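Peer 1: Just to be clear, the model below is a prediction. Sequence and coordinates:
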Amino acid sequence: MLENSRKFIDREPNIECFILLGLLLLLFFVFKFVSGVVNFVERRVIGLEKRIQELGCEVDVANGEMEEVKCIKETTEQELKGYEFMLALNEASIQTLEVCFIYLLYFYLIRFFY
């Protein structure tokens, strides 16, 4: 047995062994590179998923604020309609008082001159 192993060690290496060894090393480095790329992509995906969750929360907050602003807008529009109605009533009252004043002045002048 020792003699057989000696024959293997004493043999001259042939080019096929070096090519095979080189291919194995190349395969190892390719595997390391691909696993590094996969780890980077996985970390990037995890980071993007977290960012998507954060943006989803921000969208929810913005939607809540928008609903609040819509309610404030509706309330303000209702108040404005009320103020416009009160203004119309005041203008009608002023016109009525002007007409009454003109009639009173007219009747006073008629009594004064006749």
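Peer 2: Nice, thanks for sending it over. Numbers count the residues shown, from 1 in each chain.
Peer 1: Which helix or strand contains residue 112?
Peer 2: Per DSSP states H and E: residue 112 is located in helix 15-113.
Peer 1: quick one: the residue nearest the centre of the chain from residue 94, how far?
Peer 2: Geometric centre of the chain, nearest residue: residue 59, 4.7 Å, by CA atoms, centre = their mean. Distance, residue 59 to residue 94, by CB to CB, to the nearest Å: 51 Å. Where you see a C-beta, it was placed from the backbone N, CA and C, and this is true even at glycine.
Peer 1: got it, and residue 83?
Peer 2: From residue 83 to residue 94 the distance is 16 Å (CB to CB).
Peer 1: So what's the predicted local confidence for residue 60?
Peer 2: Looking at residue 60, its pLDDT is 95.
Peer 1: what do you get for the one 10 residues further on?
Peer 2: pLDDT for residue 70: 97.
Peer 1: what do you get for residue 96?
Peer 2: pLDDT, residue 96: 95.
Peer 1: cool, residue 5 as well?
Peer 2: On pLDDT, residue 5 comes in at 57.
Peer 1: go on, residue 110?
Peer 2: Looking at residue 110, its pLDDT is 82.
Peer 1: Could you do residue 38 as well?
Peer 2: Residue 38 is assigned 93 on the pLDDT scale.
Peer 1: Over to the one 5 residues further on?
Peer 2: Model confidence at residue 43, given as pLDDT, is 94.
Peer 1: contacting residues for it?
Peer 2: Applying CB atoms under 8 Å, 6 or more residues apart in numbering to residue 43 gives no contacts.
Peer 1: State the distance from it to residue 65.
Peer 2: As judged by CB to CB, residue 43 and residue 65 stand 33 Å apart.
Peer 1: cool, and residue 90?
Peer 2: Separation of residue 90 from residue 65 (CB to CB) stands at 37 Å.
Peer 1: hang on, the earlier thing: what's the spacing between the residue nearest to the centre of the chain and residue 66?
Peer 2: As defined by CB to CB, residue 59 lies at a distance of 10 Å from residue 66.
Peer 1: Run a quick neighbour tally on residue 104.
Peer 2: Using other CB atoms under 10 Å, residue 104 has 10 neighbouring residues.
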